[in-house]
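Chemist: give me coordinates for this.
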Amino acid sequence: MSTAFVYPGQGSQYVGMGQDLYENYPEIKELYQQANEILGLDIAEISFSGPEEKLKQTFITQPAIVLHSVAATKLIKNKEPNYTAGHSLGEFSALIKAGALSFEDGIKLVQLRGELMQKAGEENKGTMAAIIGLDTIKIIEVCRDASEYGIVQVANFNSPGQIVISGSVEGVHRAMILAKERGAKMAKELVVHGAFHSPLMESAKEDFEVALDYTEFRKVKIPVYTNVHAKPITQETDLEFIKETLYDQLTSSVRWDESVVNMISDGAREFIELGPGKVLQGLIKRIDNSVSIKGVDKAADLAAVNNE
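Modeler: From the prediction side, this is the model:
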């Protein structure tokens with residue numbers, strides 16, 4: 001059975017994440033200690049003990065989630081994925097798994113990415129909102145019609161009937177009103193530190209591009225389906241293209257539903273989410289409930305995957 005490893009993004013974090021992996025497996029303790037040294041902060045202590053407000057800071061959240069995802073992946077025995085993908089931030093975890101990025105370079109990049117996104121969010125105030133129960137074409141039209149009030153676009157195409165929009169406060173609020181008027185079951189503003197995956201993140205791109213240029217990327221060992229294109233990076237893909245997709249991702253929509261559909265079309269029949277929470281498992285179920293879906297967040301989850 002062809003397997004896809006998938007990796008969660010920001011919003012999946014919780015206080016206590018990774019702690020039982022750290023306490024039960026010496027190699028994971030070493031990984032967290034290595035990360036502490038690379039990041040110059042005690043990411044283990046913040047992940048395990050919080051406080052929640054500190055863990056929710058974008059420049060801490062992003063490396064904490066990638067670290068947890070890498071830790072969970074290291075504990076998978078006797079199974080290698082045929083495909084991989086990550087939701088937004090999770091794309092870095094996927095690239096680490098695929099061998100395109102070293103753990104050290106990957107976690108440094110996401111720490112910087114978090115800092116730059118947090119700064120962009122403070123400089124260019126914006127917001128995001130989840131729209132439930134309205135089809136994709138109607139939401140794209142809603143964003144277009146609301147854009148006369150301010151910047152607004154689709155940030156995440158998550159699953160059928162669940163889409164996240166992002167942009168200026170005025171643009172997003174207007175889009176929420178229009179979405180409700182046109183039949184959305186719910187339009188809920190999200191508690192976020194910025195308008196991620198929108199043009200309001202543009203100021204983060206310049207410094208991130210410099211960091212990408214100085215980072216060593218290698219050919220992927222397994223296909224990585226990108227957020228920007230929903231198609232796989234393969235061994236034939238030019239390394240500059242990988243950098244471009246990570247650069248573009250900051251202001252582009254996350255095409256998660258398409259990525260999952262394309263992985264299934266290419267043969268994926270089992271999906272394993274690695275890292276905190278179960279967000280992607282829920283989305284994949286809504287996209288196609290005929291595939292097998294599991295997750296590894298805690299030590300207890302490993303048995304279901306390793307003892308098949």
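Chemist: next, the contact list for the residue lying closest to residue 98 once chain neighbours are set aside, please.
Modeler: Excluding its sequence neighbours, the residue lying closest to residue 98 (C-beta to C-beta, 6 or more residues apart in numbering) is residue 220, at 4.1 Å. (C-beta placed from N, C-alpha, C; glycine too.) Contact analysis of residue 220 by C-beta atoms under 8 Å, 6 or more residues apart in numbering lists 95, 98-100, 233-235, 237, 242.
Chemist: 6 Å instead, please
Modeler: Under the criterion of C-beta atoms under 6 Å, 6 or more residues apart in numbering, the neighbours of residue 220 are 98, 100, 233.
Chemist: how close does it sit to residue 233?
Modeler: As judged by C-beta to C-beta, to the nearest Å, residue 220 and residue 233 stand 5 Å apart.
Chemist: what ranges does the stretch 151-300 of the chain have for its strands?
Modeler: 152-159, 162-168, 186-189, 224-225, 232-233, 270-274, 292-296 (DSSP state E, counting those that start in this stretch).
Chemist: check what pLDDT the residue nearest to residue 98 gets.
Modeler: Model confidence at residue 220, expressed as pLDDT, equals 98.
Chemist: tell me where the stretch 1-150 of the chain has strands.
Modeler: Going by DSSP E, counting those that start in this stretch, the stretch 1-150 of the chain shows strands at 3-7, 83-86, 126-132.
Chemist: in the longest one, what counts as buried?
Modeler: Of the residues in strand 126-132, those buried under the neighbour-count criterion (16 or more other C-beta atoms under 10 Å) are 126-131.
Chemist: tell me which strands it pairs with, and in which orientation.
Modeler: Note on strand 126-132: by DSSP bridges, its sheet partners are strand 162-168 (antiparallel), strand 186-189 (antiparallel).
Chemist: what residues does stretch 121-136 touch?
Modeler: Contacts to stretch 121-136, defined as C-beta under 6 Å, 6+ apart, come from residues 139, 161-169, 172, 176, 179, 183-190, 192-195, 200.
Chemist: pLDDT below threshold where in the protein?
Modeler: Along the chain, segments meeting pLDDT under 70 span 308.
Chemist: so where's the longest helix in this protein?
Modeler: The longest helix of the chain (DSSP state H) is helix 103-123.
Chemist: that one: which residues count as buried?
Modeler: 103, 105-121.
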